[in-house]
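Chemist: sequence isn't available, so here's the structure alone:
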C-alpha cells in the first residue's frame with residue numbers, strides 16, 4: 001500500500017515538473033521572456049524531466065515480469081521479522097484440501113514433511129513419517145472398513161517390512177516392494193488356510209508351503225500364485241503325491257501313494273494318470289527326488305518374524321509421535337498461529 005502511494009506521488013510530481021518546464025520553455029521561445037540564461041535553464045529542465053519520466057517507465061516495465069507474491073496482513077519479510085519478535089510462526093499446521101482431505105502436522109515448503117496425520121475424506125487416515133509430501137519411514141494406514149497396515153514406507157508406498165490386516169480377517173506379514181508383497185512372508189486367511197514362502201508382485205511365486213483349510217498341505221514350487229513345478233502334496237486322509245505340477249494340476253512324471261502304501265507311478269496329464277510306469281523308472285525317480293528337495297527347501301524359507309516385529313514396533317511409535325504433532329498443529333490453529341511454509 002505504501003509503495004503504491006509513493007509511486008502515485010512521484011508520478012504527480014514528475015507531471016507538474018514537466019508541465020512547468022514546458023510552459024517556461026514556450027514563453028522563452030515566444031519571446032515573452034527575453035533572457036538567454038532562462039532559455040537555457042528551461043531547455044535543461046525539459047530534458048531532465050523527460051529523462052526522469054523515461055527512467056520511471058523503464059522501472060515499471062521491468063517489474064511486470066516479476067511474479068506477484070500474495071500475503072495476508074503482511075509481506076513475507078515482514079511476517080518473518082514478526083515471527084522472530086513474538087513467536088507466532090509454527091512449524092506445525094493444518095491443511096484443508098479441496099477434496100475434503102485434511103492434514104495435521106509438520107510442513108516444509110508447502111508439503112507434508114516430518115511427522116503428521118493425513119485424513120482421507122470418509123475413507124481412512126495415515127499416521128506417521130513424511131518426506132517431501134510422501135510417506136517415508138514408518139507409519140500406520142487405517143481404512144474405514146477396518147483394514148490396516150503397519151510398517152515401512154518408501155516414496156509413498158509400502159516398502160520394507162510390515163503387516164497388512166484385511167477387514168475380512170486375512171493378513172500378510174513380511175517383505176514389501178513398491179506397495180506389493182514381494183520377497184518372503186506369511187499369508188494367513190480367515191478360513192485357517194496358511195501360506196509361508198516367497199512372493200513376487202503380490203502373489204505366491206517361488207518356494208512355499210501351503211496348509212489348506214481342509215487339512216491338506218503342499219510344499220514346493222509356485223508360479224504366478226499357482227502350484228507349478230515340483231512339489232509334494234499331502235492329503236488330510238493320508239494320501240500323497242510327489243512329482244511335477246502345471247498350474248495347480250498333476251502334470252508330467254510323479255508318484256501317487258495311497259494311505260495304505262499302494263502307489264501308482266507314471267506320466268500324468270491334467271491331473272489324470274495317462275501312462276503308468278514303474279517307480280524305479282529313471283524319469284519317475286528324478287521327478288520324485290526333485291519334488292522332495294523343493295519341499296524341504298520350502299520349509300526352510302525364513303518367515304521374517306523378527307524384522308516384521310521391529311517394523312511394526314517402529315510404526316506404532318511413529319504413529320504416536322504423529323498424533324502428538326497433529327494435536328499441536330490443531331492447537332496452533334486455534335491460537336491464531338500460522339505455519340511458515342518456507343522453513
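Modeler: The structure has been received and is ready for your questions. Because the structure is a prediction, the values reported are computed rather than measured.
Chemist: what residues does residue 162 make contact with?
Modeler: For residue 162, the contact set (C-beta atoms under 8 Å, 6 or more residues apart in numbering) comprises 149, 150, 151, 152, 173, 176, 308, 311, 312, 315. Any C-beta I mention is one placed from the backbone N, CA and C, and that applies to glycine too.
Chemist: state the pLDDT value of residue 6.
Modeler: At residue 6, the model reports a pLDDT of 45.
Chemist: oh, that last question was meant for residue 276, not what I typed.
Modeler: Per-residue confidence at residue 276 stands at 97 (pLDDT).
Chemist: over to the one 5 residues further on?
Modeler: We have a pLDDT of 97 for residue 281.
Chemist: before we move on, what about residue 110?
Modeler: Residue 110 is given a pLDDT of 84.
Chemist: could you do residue 191 as well?
Modeler: For residue 191, the predicted pLDDT is 95.
Chemist: count of residues packed around the residue nearest to it when sequence neighbours are not counted?
Modeler: Take residue 191 and drop its neighbours on the chain: the residue closest to it by C-beta to C-beta, 6 or more residues apart in numbering is residue 213, 4.4 Å away. Applying other C-beta atoms under 10 Å, we find 11 other residues in the vicinity of residue 213.
Chemist: domain assignment for the chain?
Modeler: As given by automatic domain parsing, the domain ranges for the chain are 2-63, 91-305.
Chemist: tell me the span between the first and last residue of the longest one.
Modeler: Start and end residues of domain 91-305 are separated by 37 Å (C-alpha to C-alpha, to the nearest Å).
Chemist: how far does that domain sit from the chain's center?
Modeler: Distance, stretch centre to chain centre, for domain 91-305: 22 Å (C-alpha atoms, centre = their mean, to the nearest Å).
Chemist: between the contacts of residue 162, which sits nearest residue 237?
Modeler: The closest of these to residue 237 turns out to be residue 173 (C-beta to C-beta; 30.8 Å).
Chemist: okay, and the beta partners of that closest one?
Modeler: Taking DSSP bridges as the rule, residue 173 bridges to residue 163, residue 186.
Chemist: any idea how far residue 194 is from it?
Modeler: 12 Å (C-beta to C-beta, to the nearest Å).
Chemist: overlap in contacts of those two?
Modeler: The overlap between the contact sets of residue 173 and residue 194 (C-beta under 8 Å, 6+ apart) consists of 186, 188.
Chemist: cool, thanks, talk later.
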